[in-house]
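Trainee: Dropping the sequence and predicted coords here.
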Amino acid sequence: MLRIHYAEYEALRAHGEETYPNECCGVLLGKNIPGESAGLQAINHVRQIVRAGNTRTDSAHNRYNIAPQELVRIQRQARGLGLDIVGFYHSHPDHPAQWSATDFAEAHWIGCSYVITSVEKGKAAITNSFLLTGTDEDTKKFEDQSIEIEIASSAPGTGESHEKGKA
Amino acid sequence: MKIHIPTPLRTYTGGLETVRISGATVSAVFEHLTTTYPELKQHLFTSEGKLRSFVNVYLNDDDIRYLADKEASPVKDSDELTIIPSIAGGCCR
């Protein structure tokens, strides 16, 4: 499961609208909460999203790439906050919020969440998350991952959450 | 020197985000790293011993691929190595 606060969820969707018709991309910082038993799924709990630049200026409408130098900086930022990189997000302008062959071939962060938002005619539509599972490049695969959206409450520590079904 | 391990590879370092490994060059440090944590080796290097194409390694703020001596670059104990797999993709095929 991917757990993310409503504000962060909306922010990553808004990023896709801002960069339309090009793809946006960014990094999800947070903590992985392992499942305590076989029946309990692990949770990637997002605490902060970090926008990144898309270096694929040659084909930004259907490709994205985050410069490794920027990733190093973001990982350093995460370390300073006591957080980890738990996932990434990007948009698919006028295409479904489903991973593509390119997304799969370029996915190497096993255990991390890959969030994709379809942006239709400039408006963010569906957002889906996929967990990269497996142990190496030969066994990796994307699995559908539910998204739990946290909604802030006026009383501290009593926030609600709403689990989003898969599209 | 400190080596920063990306989230997916911490499974092979006992969950550690940062490990301390000594060595005179980047190659020597990697040799010691993969001796200390043998399971890391196949994730970092091909069977021919080449760094996998999607694995980026930074010596402080420099990509080692662009250093004059590449993996033979000398390192100091105060330097930091960061291992960072690439992030890319996109819609349509």
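Mentor: Done, it's in.
Trainee: Please enumerate the helices of chain A.
Mentor: A:6-19, A:68-81, A:101-105 (DSSP state H).
Trainee: Let me have these in a markdown table, extended by mean pLDDT.
Mentor: Shown next, in a markdown table, are the helices of chain A (pLDDT from 0 to 100):
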| stretch | mean pLDDT |
| --- | --- |
| helix A:6-19 | 98 |
| helix A:68-81 | 96 |
| helix A:101-105 | 96 |
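Trainee: nearest to residue B:87, of the ones you listed?
Mentor: Nearest of the helices of chain A to residue B:87, taken as CB to CB: helix A:68-81 at 6.3 Å. Where C-beta positions appear, they are placed from N, C-alpha and C, glycine not excepted.
Trainee: pLDDT at the residue nearest to the spatial centre of chain B, what is it?
Mentor: Residue closest to the mean C-alpha point of chain B, counted by CA atoms, centre = their mean, is residue B:83 at 4.1 Å. Looking at residue B:83, its pLDDT reads 97.
Trainee: Is it possible to get JSON lines of the helices of chain A that adds mean neighbour count and distance to residue B:76?
Mentor: What follows is the helices of chain A, written out as JSON lines (neighbours: other CB atoms under 10 Å in any protein chain shown; distance: least, CB to CB, whole Å):
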{"stretch": "helix A:6-19", "mean neighbour count": "18", "distance to residue B:76": "39"}
{"stretch": "helix A:68-81", "mean neighbour count": "18", "distance to residue B:76": "18"}
{"stretch": "helix A:101-105", "mean neighbour count": "16", "distance to residue B:76": "37"}
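Trainee: So for residue A:117, which of these sits nearest?
Mentor: Using CB to CB, those put helix A:6-19 closest to residue A:117, at 4.6 Å.
Trainee: Any chance you could list what contacts that closest one?
Mentor: Outside of helix A:6-19, the residues within contact range by CB atoms under 8 Å, 6 or more residues apart in numbering or on different chains are A:23-24, A:26, A:46-49, A:51, A:54, A:60, A:89-91, A:93, A:115, A:117, A:119, A:122-124, A:127, A:147, A:149-152.
Trainee: related to what we said a few turns ago, what's near enough to touch the residue nearest to the centre of chain B?
Mentor: Contacts of residue B:83 by CB under 8 Å, 6+ apart are B:3, B:4, B:5, B:6, B:9, B:44, B:55, B:56, B:57.
Trainee: One more pass at 10 Å, please.
Mentor: Residue B:83 is in contact with A:72, A:75, B:3-6, B:9, B:30, B:33, B:40, B:43-44, B:51, B:55-58, counting by CB atoms under 10 Å, 6 or more residues apart in numbering or on different chains.
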